[in-house]
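Chemist: Provide a 3D model corresponding to the input given below.
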Amino acid sequence: MQVGKGKSAILDQQDKRVREQLSKIKHKIMVMSGKGGVGKSTIAVNIAVGLSLQDFMVGLLDLDLHGPSIPQMLGARDLKLSRRPDGRLGAIKYSPNLKFLSIEPLLPSEDSAVIWRGPIKISAIKQFIGDIDWGELDYLVIDAPPGTGDEPLTIAKTIPDAYALIVTTPQEVSLIDVKKSIRFCQKVKMRILGIVENMSGFICPHCGKPVDLFKRGGGQRLAEEMGIRFLGKIPVDPRIVDTGDRGKPLVGAYPESITAEAFDNLIRNIITATQEMVKEVEEEKYMRVAIPVSSPNKFQPEVEKAELYALYDVENGKVLVKDVVKKVQDQDLVDFLKEQVATHVCLSEGLASLKEKLMQEGIKVITISGNEHNPDNIIQDILSKKNG
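Modeler: Predicted coordinates:
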């Protein structure tokens, strides 16, 4: 029994360190794709380098534990983690504005195989975030492995305010997988920053002009169809392969090229999109509303007794997804709501001190009168008042 308590205490401390570290990072972006081979890591590296060249403080986290490529693409395989005065390890410094971390520097040799199951990978990801000192960052760019497995799911649960940036190619087979990524984000309540279409056209190595060797525009059409921001198109450029192999990201190696210009447009759109998403929360165009319930369909007016919370993601007056989440016993309500990235909470009348505390933490309180309420009806009533 004592062993169980000891393990629980260690996990609680790790979660606390994770929350402390994440509080120092303004924007977290998970670069993901529905399938491999779409150039996701290339996009992540050039975004991170490009943002750092715009004078933002940036972290780049390589979570492809089985096939890490970030150190090679940055030309930084010889760089090692730094040791802070307090004994903590710091992320690897690539440039004055960019730090990165990958599993590769921690392996016995560069060709060591990582053969880990889910629980070990989950623990490693939390350590990469909580045990490594990233410092104050404007952006943390996370390169996740393709698909919707352990790593993306762990990021969604560990960093609930992360945005998803989905990379696709114009081909139909890739677009089908993108829809799966979109459904994944909706299921785990991760907001989607936008879609990037990679390998959109081809840059001729002789004349430097774009050629429609492959399809283009499929990602943009899908974004419009799904009501998601389209952030930009990146063409196929032979120099991307060369710069990746040489460890010199294209945005820095060929800043005047057509492809670097495409990355510049993408980075500007990312900056604008993150600002817009923050503004949407401030203007209540996007809300995550938490409602205490005694059962999935019944409002619980006595908040101190509430173990379940119905969570509604609302965007532009429409409910995108509903989920019911159990609050850990004895967990502070404010901590729980912040962990769930709730923007609003519905509470019964009274509770002045609790409401004041919530408001101080930036969580808006909606007062509910009476006891007999279905949470779905509460949400519809809130939306009808806002839309009216």
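
Chemist: what's next to stretch 245-253, contact-wise?
Modeler: 45-46, 49-50, 53, 72-77, 237, 239-240, 243, 257, 259-260, 263-264 (C-beta atoms under 8 Å, 6 or more residues apart in numbering). Bear in mind the C-beta positions are built from the backbone N, C-alpha and C, glycine included.

Chemist: go again using 6 Å as the cut-off
Modeler: Stretch 245-253 has contacts (C-beta atoms under 6 Å, 6 or more residues apart in numbering) with 45-46, 49-50, 74-75, 240, 243, 259-260, 263.

Chemist: nearest to I366 among these?
Modeler: Nearest to I366 among the contacts of stretch 245-253: G50, at 40.4 Å, using C-beta to C-beta.

Chemist: need the contact list for the closest one.
Modeler: Going by C-beta under 6 Å, 6+ apart, G50 touches 251, 263, 267.

Chemist: now the buried members of the contacts of stretch 245-253.
Modeler: Among these, the ones that count as buried by 16 or more other C-beta atoms under 10 Å are 45-46, 49-50, 74-75, 240, 243, 259-260, 263.

Chemist: can I get these in TSV with secondary structure and distance to T148?
Modeler: Formatted as TSV, the buried ones among the contacts of stretch 245-253 follow (DSSP: H, G, I helix; E, B strand; the rest coil; distance: C-beta to C-beta, whole Å):
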residue	secondary structure	distance to T148
V45	helix	22
N46	helix	24
V49	helix	27
G50	helix	27
L74	helix	27
G75	coil	31
I240	helix	26
T243	helix	30
T259	helix	29
A260	helix	31
F263	helix	26
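
Chemist: the strand or helix carrying V167 - which strands sit beside it in the sheet, and in what orientation?
Modeler: Using DSSP states H and E, V167 maps to strand 163-168. Using DSSP bridges, strand 163-168 pairs in its sheet with strand 25-32 (parallel), strand 191-203 (parallel).

Chemist: export these as CSV, with columns for mean pLDDT and distance to I182.
Modeler: Below are those laid out as CSV (pLDDT from 0 to 100; distance: least, C-beta to C-beta, whole Å):
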stretch, mean pLDDT, distance to I182
strand 25-32, 96, 10
strand 191-203, 87, 7
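
Chemist: so which of the ones you listed gets nearest V278?
Modeler: The closest of these to V278 is strand 25-32. By C-beta to C-beta, the value is 8.4 Å.

Chemist: what about the chain, any weak spots by pLDDT?
Modeler: For the chain, applying pLDDT under 70 flags the ranges 1-12, 87, 105-118, 203, 205-206, 208-216, 388.

Chemist: report the separation between V303 and K93.
Modeler: 46 Å (C-beta to C-beta, to the nearest Å).

Chemist: domain parsing of the protein, as residue ranges.
Modeler: Domain assignment for the chain by automatic domain parsing gives 2-282, 286-387.

Chemist: looking at the strands paired with strand 163-168, which is nearest to Q360?
Modeler: Going by C-beta to C-beta, the one of the strands paired with strand 163-168 nearest Q360 is strand 25-32, 20.0 Å.

Chemist: ok, and what's touching the closest one?
Modeler: Contacts of strand 25-32 (C-beta under 6 Å, 6+ apart): 40, 43-44, 137-144, 152, 155, 159, 162-166, 181, 274.

Chemist: just the CA trace of that strand, in PDB.
Modeler: What follows is strand 25-32, C-alpha atoms only, in PDB (Å, rounded to 0.1, in the frame of the first residue of the first chain):
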ATOM      1  CA  ILE A  25       5.300  28.700 -22.800                       C
ATOM      2  CA  LYS A  26       2.800  30.900 -24.600                       C
ATOM      3  CA  HIS A  27       1.900  28.800 -27.600                       C
ATOM      4  CA  LYS A  28       2.300  25.000 -28.100                       C
ATOM      5  CA  ILE A  29       2.000  23.600 -31.600                       C
ATOM      6  CA  MET A  30       1.900  19.900 -32.400                       C
ATOM      7  CA  VAL A  31       2.900  19.200 -36.000                       C
ATOM      8  CA  MET A  32       1.100  16.000 -37.000                       C
END
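
Chemist: I366: which element?
Modeler: Using DSSP H and E, I366 falls in strand 364-368.

Chemist: before we move on, what about Q220?
Modeler: Q220 belongs to helix 218-226 when assigned by DSSP H and E.

Chemist: now do that helix: distance to the chain's middle.
Modeler: Distance, stretch centre to chain centre, for helix 218-226: 21 Å (C-alpha atoms, centre = their mean, to the nearest Å).

Chemist: now it: buried residues?
Modeler: Buried, per 16+ other C-beta under 10 Å, within helix 218-226: 218-220, 222-223.

Chemist: other SSEs contacting that helix?
Modeler: strand 191-203 (3 or more C-beta pairs under 6 Å, 6 or more residues apart in numbering; DSSP states H and E).

Chemist: and the closest residue to Q72 other than its chain neighbours, how many neighbours?
Modeler: Leaving out its chain neighbours, the residue that sits closest to Q72 by C-beta to C-beta, 6 or more residues apart in numbering is G247, at 6.3 Å. Applying other C-beta atoms under 10 Å, we find 15 residues neighbouring G247.

Chemist: contacts for the strand holding I366, please.
Modeler: Here strand 364-368 makes contact (C-beta under 6 Å, 6+ apart) with 344-349, 355, 358.

Chemist: of these, grab the buried ones for ChimeraX.
Modeler: Buried residues among the contacts of strand 364-368 (16+ other C-beta under 10 Å), as a ChimeraX selection:
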select :344,345,346,347,348,355,358
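
Chemist: rewinding a little: which of the domains of the chain sits most buried?
Modeler: Comparing the domains of the chain on average neighbours per residue, with mean count of other C-beta atoms under 10 Å, the densest one is domain 2-282 at a mean of 18.

Chemist: tell me who's in contact with the residue nearest in space to the middle of the chain.
Modeler: Residue closest to the mean C-alpha point of the chain, counted by C-alpha atoms, centre = their mean, is A162 at 2.8 Å. By C-beta under 6 Å, 6+ apart, the contact list for A162 reads 28, 30, 155.
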